[in-house]
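K.L.:
For reference, the sequence and a predicted model appear below.
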Amino acid sequence: MQDLAIKDLLYKLADDQLILGHRNSEWTGMGPMLEEDIAFSSMAQDKLGHSLAFYSLLHELGEGEPDTVAFMRNADQFHNCQLTELPIGEYDFSLIRHFLFDNAESLRFESLSQSSHEGIARIATKLKGEVKYHVLHGNTMVKQLGSATEESISRLQQALDYALPYALGIFEPSKYEQELIDAGVYVGETSIQAEWENRISAVLAKTSLKLPDLASLTPVYGGRYGQHTEHLQPLLDEMAEVFKLDPTAEW
């Protein structure tokens, strides 16, 4: 049973990175200013590399080749949280999504670097250093724009209010949650979410933004087990176009 639990964890880690990486890449050439164009493009590239690391570990555990797994599944076979698949929208939404997701992912990788599973610990130890810079970027931009003009504060607040229920879906419990905790593989989503709430609260306290009462929100669950928005399948079709034309291509 533990192999199934490990694969379940790896798929959600890999799929989150792959889907958000592709979403962030849509800012290439479209950023509101050159620095942000470069920042989102760089983070997108990192996330695609992170997904490859986890897909490669899945392959070692008997799953398909990374390219096949990444590009040949349908939406109902993906385990990413719904937050990652939403369209990029305006910059304010993409910034808030980046801020919320990468703070969560940083905590996840910090925890997993101590995992009893050697392969996961090895990858997480490497990736947590890269994600640290994603977090620094997101926190810095939220603090700047969340304390700037009336318009920037209003736009970020609206984006935050919209994104938070989806962000809580990051922490959708695994059906193998207790098994992973008992085996020392992962501390579990409840623990990570509590730390995440503290971290984002500390950042937002330095702005004019207001964090809603998270306990009053209904988390958007389902993504971890194939329930997705109408936005995911078109994105997957676009992502797989080149691979389907030339399956021998490398990424």
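P.N.:
Thanks, I have the structure now. Note that the coordinates shown come from a computational prediction; the quantities given were computed from them, not determined experimentally. Numbers count the residues shown, from 1 in each chain.

K.L.:
Y186: neighbour count?
P.N.:
Close neighbours of Y186, defined as other C-beta atoms under 10 Å, add up to 26. For every residue, glycine as well, the C-beta is placed using N, CA and C.

K.L.:
Please determine how far it is located from Y176.
P.N.:
Noted for Y186: a distance of 9 Å to Y176, by C-beta to C-beta, to the nearest Å.

K.L.:
Reduced to three states, what does P219 come out as?
P.N.:
coil (DSSP: H, G, I helix; E, B strand; the rest coil).

K.L.:
Once you drop chain neighbours, what's closest to it?
P.N.:
L168 (3.5 Å; C-beta to C-beta, 6 or more residues apart in numbering).

K.L.:
Next: L100.
P.N.:
A167 (4.1 Å).

K.L.:
again with G222
P.N.:
Q82 (7.0 Å).

K.L.:
correct me, but the residue nearest to L100 touches F99?
P.N.:
No. Between A167 and F99 there is no contact under C-beta atoms under 8 Å: 9.3 Å.

K.L.:
Distance-wise, check M43 relative to Y186.
P.N.:
Distance of M43 to Y186, computed by C-beta to C-beta: 24 Å.

K.L.:
With E85 instead?
P.N.:
23 Å.

K.L.:
quick one, helices of this protein?
P.N.:
2-25, 34-60, 66-71, 82-85, 91-112, 118-145, 150-168, 177-182, 189-204, 232-245 (DSSP state H).

K.L.:
which helices and strands sit right next to the third one?
P.N.:
It refers to helix 66-71. helix 2-25, helix 34-60, helix 232-245 (3 or more C-beta pairs under 8 Å, 6 or more residues apart in numbering; DSSP states H and E).

K.L.:
how far is it from where the chain is centred?
P.N.:
Offset of helix 66-71 from its chain centre (C-alpha atoms, centre = their mean, to the nearest Å): 18 Å.

K.L.:
Please identify the buried residues of it?
P.N.:
66-67, 69-71 (16 or more other C-beta atoms under 10 Å).

K.L.:
Any idea which of the helices of the chain has the lowest pLDDT on average?
P.N.:
Note on the helices of the chain: lowest mean pLDDT is at helix 232-245, with a mean of 85.

K.L.:
now the angle from it to helix 2-25?
P.N.:
90 degrees (axes from the mean of the first three to the mean of the last three C-alpha atoms, to 10 degrees).
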